[in-house]
Each structure stands twice: as C-alpha cells, then as structure tokens.
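Visitor: Here's my sequence, what's the structure:
(one chain, ligands or ions: 1)
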Amino acid sequence: MAPAILWYRRDLRVHDLPALQAAIESGGDDGVIPVFCFDDRLIHGRFASARRTGYLLETLKALDERWHDLGGRLWWRHGDPSKELAKIVDDTGATEVHATEDVTAFARARDDRASNAIEAAGATLHLHPGLAIAADLDAIQTQGGKPHIVFTPFSKVWAQQERRQLIKAPTSLHTPRGNRGDLPTLADLGFDAADAKVEDPPEPGEIAGVHHAGQWADGKLASGGLAKYEDLRSDLPSQTSRLSTYLHYGSLSPLLAERLVLDAGGPGSATFRNELAWRDFYLNVQRQFPHTATTEFQEKYRALKWEHDDEALQAWKDGKTGYPVVDAAMRQLNATGFMHNRARMVVASFLTKDLHLNWREGEAYFMHQLLDGDLASNNGGWQWTASTGTDPAPYFRRMFNPTLQQKKFDPKGEYVRRWCPELAGVPDKLLPEPWKMTPEQQADAGCVIGDDYPEPIVDHAEERGHAVERYQAVSAG
Ligand SMILES: Cc1cc2nc3c(=O)[nH]c(=O)nc-3n(C[C@H](O)[C@H](O)[C@H](O)COP(=O)(O)OP(=O)(O)OC[C@H]3O[C@@H](n4cnc5c(N)ncnc54)[C@H](O)[C@@H]3O)c2cc1C
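Guide: Alright, predicted model coming up:
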C-alpha cells in the first residue's frame, strides 16, 4: 500500500469529512498526507483579502494542531496545485488523492486540471461531498428536471432529500514522514499584517466552531442563541449565530450544524434550518449557472446603466452617507469583518438603488472586508438585492427605505449608536433622520450635521424614483 493524499481546500476540519474518511481507508497503515496548497490565483485573485488570508492562516494553524494531537501533521505547498500534487504523488508513490468537491467555475476548472496532472503522475483524484448540506445538489430539481431558480420550492425538495451519515472525527491519524514544507506567514503571502486585523474575530478552528455551534443550538450564549432566533434574527442589535465564517472555511461541517439545530428543536430550529438552505441554494446557483459569478442571472438586467461616482462609493465604503443605519452597518463591516444580514440587505439596496452604483462594486468590497466572504452567498445576496439574480421578485419590492428599516429593526438606536458614536446624544425619535434636527436640537445632541456627522449624500425618496425609471427602462425592452 501507499499513503493516500487528502487535498484540503475550504473543508478545514477532521470531523464529518467524507474525503478524509476515504483517504484513511485507502491509505491504511501507510497513513494520510493532508496537504494545503497556497494558490496565488485565489490568494491574489479578484477577491483578494488580507483579512480572509490572515484568518485562513489561523484556521490552518488550528487544523495542524488538531492533526498533531491525533498523531499526524499537515503538509504545506505554495504554487500551482496541479504541479504540487503531482510532485507529492511522484515522491511518495501515493495512488489516491481525495478532496471535497467544490461548485464554482474556478474550482471545477482547477480540479479538472489537477485530475489530469495527478493521473499523469500515476494516481487518481476522487471528489467527495461535504461542502453543502445536501449530499447531491444536482438531484434537487423541479418536476420538469431543471435546476431550481426560486428559493422556496428548492428549499422544500432540499429539506426532504435524504442526508448522508454524519462522520465522527477520527480518534487517531497517521502521516508518513516526508517533506512537510513550511506554513507561510502573511508577509510571505504578500499581505501587511495591519490590513488583516479585525475587532473580535471568531476564535479560529474546528474545535471552536463546533463548540460555538453547540452553544448556539443549546441557547447557552448570552444572546439567547437559537431559542431567540425566530423573534430576534432581524433585530440589528441582536446576535445571529455567527457561524458563517466557520461554514465558509469548513471548520464546521454544515451537516453537523443542521443536525445540532434539528436536535435542539423549538421555534427557531425550522427558521434557522431555512437559512442554512439559502447557503445550499446559492452553492447550487454557482454549480448550475456558473456564469452568474460575473454576470446578471436575469438577462434583461444586463443592460442596466450604472453610475460611476467615486465620491459616493467612497462615502458608502467609509460609512459616511448621512443615513445612520447604512453608516453603522458599513462601520461594523470595516471594524469587525462582519455585518448583520438585514444590514447587508439595507446597504446593498442603498448602493444599487439609491446611489445607482454597480452591484459588482459592493460585491467586491464585501469580499475584501468580510471574514465570511463567500463567492456563492455573496454574489447571491448582491444579485438578490439588486434584483438581477435568481429567486426573482419585482425590483421595487427590494428597495429598502433606510429610515424605515432603522425605525423597525433598531428602534432604540442601540446598533446605530454603537457604530456611530457621534450620534450618541441624538434622541431616539430623531435618530433615523438626524438631518431634520433644528440647530438647537443639534446643539443639545452635541452633533452638528455637516460637521460632526454628514448630511445625507442623496435623498432616498428622489433616488427611489430614479431607480424605478432605470429598472423600468430595461424591463420594458
Ligand atoms: C448582500 C449580501 C451579501 C452576503 N454575503 C455573504 C457572504 O459573503 N458570506 C456568507 O456566508 N453570507 C453572506 N450573506 C448571507 C448572510 O448575510 C450571512 O450568511 C449571515 O449574515 C451570517 O451571519 P450568521 O452566521 O450569524 O447568520 P445566521 O442568521 O445565524 O444564519 C445561519 C447561517 O445560514 C446561512 N445563511 C443565512 N442567511 C443566508 C443568506 N441570505 N444567504 C446564504 N446563506 C445564508 C449562513 O451560512 C449563516 O451562517 C450575504 C447576504 C447579503 C444580503
């Protein structure tokens, strides 16, 4: 026998990993070589991010410690994975390489190339489930045998599809001796450590991820966790699960997340499971319609005319639009690498339908800043809000009024005051529209509009009308 290779990508765990289970079986006594290959085409690709690369390195360190505790070690490579894996096959005599199947066009092309190179070196690449909850996304089809483009019917079939068995973490692992390579630093990868810093990141790694998911499901977190989810998930000051970063890196198995919330039960359970279904929905959108990674799903909206306004874009990025809820959300993103889901919809609507800027600008900025930045969910969320994507609804139904959103989802102003401290002294009633304060009220609040806090950069009611005209112009054609 020869050792088997486990090619890690964004499935950075040892629990519930079909690719690892298969590698253990095929490696037998010769063990498993777990390899992570730093691929510059991804690290410095169109969605390069110092923050996510920094968090990736921390997650990998935690994974290596996990392997070490179980008796193995991770191997590191830097370069084209096809070449690097073929070399390891050559050096070790491995005949099998196992990996978790991914859905994006980039990943699939990479895996095709790698498969050829690995085969030429004398081994075979096997792809396994583990990225999505559904074991077989392709099997989730309409009655006419087509992929779903609307979420609700997708989620109904998805919820009924039989799940694969959860796989427990192995109790021991063995990695043969060999050239492990070195884990690069952030600087080695071309990033400045200062650019990777965020406030209060989730503790990296699968031990932390699984623990956090368990605490969340059992309601043991200060936020109340799953038990409060049904009532509070849209409230901006409340804490949703914050599992997205773990799910993005695969340090938490999505199937385990689903199991934990189903076992916990209660009113939040079905709602939360439905949110997890959105993740699978968007993975499936990338799998079935890979062109949507760069193109509007709705053909008619490919003709939309977007504005080019660097000043407005910068104000949006900096959280200086003059709309408190938009600014609070962008500052939360800039400080922490996270943003509440409702806030993501509000700021995405503001960018596309108030500022009339291309959704791709927002998509790219989110990918730059978010720790959970994920091509499928992010592209899906942006196209959903811009009304250009799957799960279509008339564009005017997805125009968020920032003032009303703030009144409804942050009525006491906790979220806004947390992230826009210059508005701390503004009374609750005036907080959604601080520009309407009289000079006396501004003096009392200790906040002069146009000085301490910006004037609104646009008038929402007016821009709403312009957005309708823009969308109508291309809808008719
Ligand atoms: C414009 C926009 C961009 C987004 N970009 C991303 C992104 O880059 N990465 C990302 O993981 N999510 C993205 N989302 C989806 C959602 O906002 C986040 O998953 C969620 O806020 C993460 O916080 P949480 O884990 O506390 O969520 P919870 O509310 O606790 O939900 C639990 C899990 O369900 C999944 N989920 C929930 N809502 C969605 C959704 N709308 N789409 C897909 N999955 C969902 C996530 O895996 C999440 O971790 C985006 C949404 C919008 C509107």
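
Visitor: if I pick the closest residue to Pro402 other than its chain neighbours, what's in contact with it?
Guide: Once flanking residues are discounted, Pro402 sits nearest to Tyr323: 4.4 Å by C-beta to C-beta, 6 or more residues apart in numbering. The C-beta positions use only the backbone N, C-alpha and C, and glycine is treated the same way. Listed by C-beta atoms under 8 Å, 6 or more residues apart in numbering, the contact partners of Tyr323 are Phe350, Pro402, Thr403, Pro456, His460.

Visitor: ok, now with 10 Å
Guide: 316, 329, 346-347, 350, 354, 401-403, 405-406, 416, 432-435, 454, 456-458, 460 (C-beta atoms under 10 Å, 6 or more residues apart in numbering).

Visitor: Of those residues, select the buried ones using a ChimeraX command.
Guide: Selection of buried members from the contacts of Tyr323 for ChimeraX, criterion 16 or more other C-beta atoms under 10 Å:
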select :316,329,346,347,350,354,401,402,403,405,406,416,432,433,434,454,456,457,458,460
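
Visitor: what does the stretch 101-250 of the chain put close to the ligand?
Guide: Arg233, Thr240, Ser241, Arg242, Leu243, Ser244, Leu247, His248 (C-beta under 6 Å from any ligand atom).

Visitor: nearest residue to the second one other than its sequence neighbours?
Guide: By that I understand Thr240. Arg233 (5.7 Å).

Visitor: Which ones among the contacts of Tyr323 lie within helices?
Guide: Residues of the contacts of Tyr323 located in helices (DSSP state H): Trp316, Ala329, Val346, Val347, Pro402, Thr403, Gln405, Gln406, Val416, His460.

Visitor: Now pLDDT too, for those, in JSON lines please.
Guide: Conversion of these to JSON lines gives the following (pLDDT from 0 to 100):
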{"residue": "Trp316", "pLDDT": "98"}
{"residue": "Ala329", "pLDDT": "98"}
{"residue": "Val346", "pLDDT": "98"}
{"residue": "Val347", "pLDDT": "98"}
{"residue": "Pro402", "pLDDT": "98"}
{"residue": "Thr403", "pLDDT": "98"}
{"residue": "Gln405", "pLDDT": "98"}
{"residue": "Gln406", "pLDDT": "98"}
{"residue": "Val416", "pLDDT": "98"}
{"residue": "His460", "pLDDT": "98"}
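
Visitor: quick one, strands of the protein?
Guide: 4-8, 32-38, 75-78, 96-100, 124-128 (DSSP state E).

Visitor: Check the burial of the residue of the stretch 251-400 of the chain found nearest the ligand by counting its neighbours.
Guide: Relative to the ligand, the nearest point of the stretch 251-400 of the chain is Gly381 (2.4 Å; C-beta to the nearest ligand atom). As a burial measure, Gly381 scores 22 neighbours (other C-beta atoms under 10 Å).

Visitor: Wait, it touches Gly389, no?
Guide: Yes - between Gly381 and Gly389 a contact is recorded at 8.7 Å, counting by C-beta atoms under 10 Å.

Visitor: shared neighbours, these two?
Guide: Tyr282, Trp359.

Visitor: ok so, going back, as JSON lines, the ones in helices among the contacts of Tyr323 with distance to Gly28 would be great.
Guide: Output for these, formatted as JSON lines (distance: C-beta to C-beta, whole Å):
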{"residue": "Trp316", "distance to Gly28": "56"}
{"residue": "Ala329", "distance to Gly28": "52"}
{"residue": "Val346", "distance to Gly28": "54"}
{"residue": "Val347", "distance to Gly28": "52"}
{"residue": "Pro402", "distance to Gly28": "60"}
{"residue": "Thr403", "distance to Gly28": "64"}
{"residue": "Gln405", "distance to Gly28": "57"}
{"residue": "Gln406", "distance to Gly28": "60"}
{"residue": "Val416", "distance to Gly28": "59"}
{"residue": "His460", "distance to Gly28": "65"}
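
Visitor: okay, the lowest-mean-pLDDT helix or strand in the chain in CSV with CA atoms only?
Guide: Between all helices and strands in the chain, the lowest mean by mean pLDDT, DSSP states H and E belongs to helix 226-232, at a mean of 90. Output of helix 226-232 as CSV, limited to C-alpha atoms (Å, rounded to 0.1, in the frame of the first residue of the first chain):
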residue,chain,number,x,y,z
LEU,A,226,-31.4,29.5,18.7
ALA,A,227,-34.2,29.9,21.2
LYS,A,228,-34.4,33.6,20.5
TYR,A,229,-33.6,33.3,16.7
GLU,A,230,-37.2,33.2,15.5
ASP,A,231,-38.1,36.5,17.2
LEU,A,232,-34.8,38.4,17.1
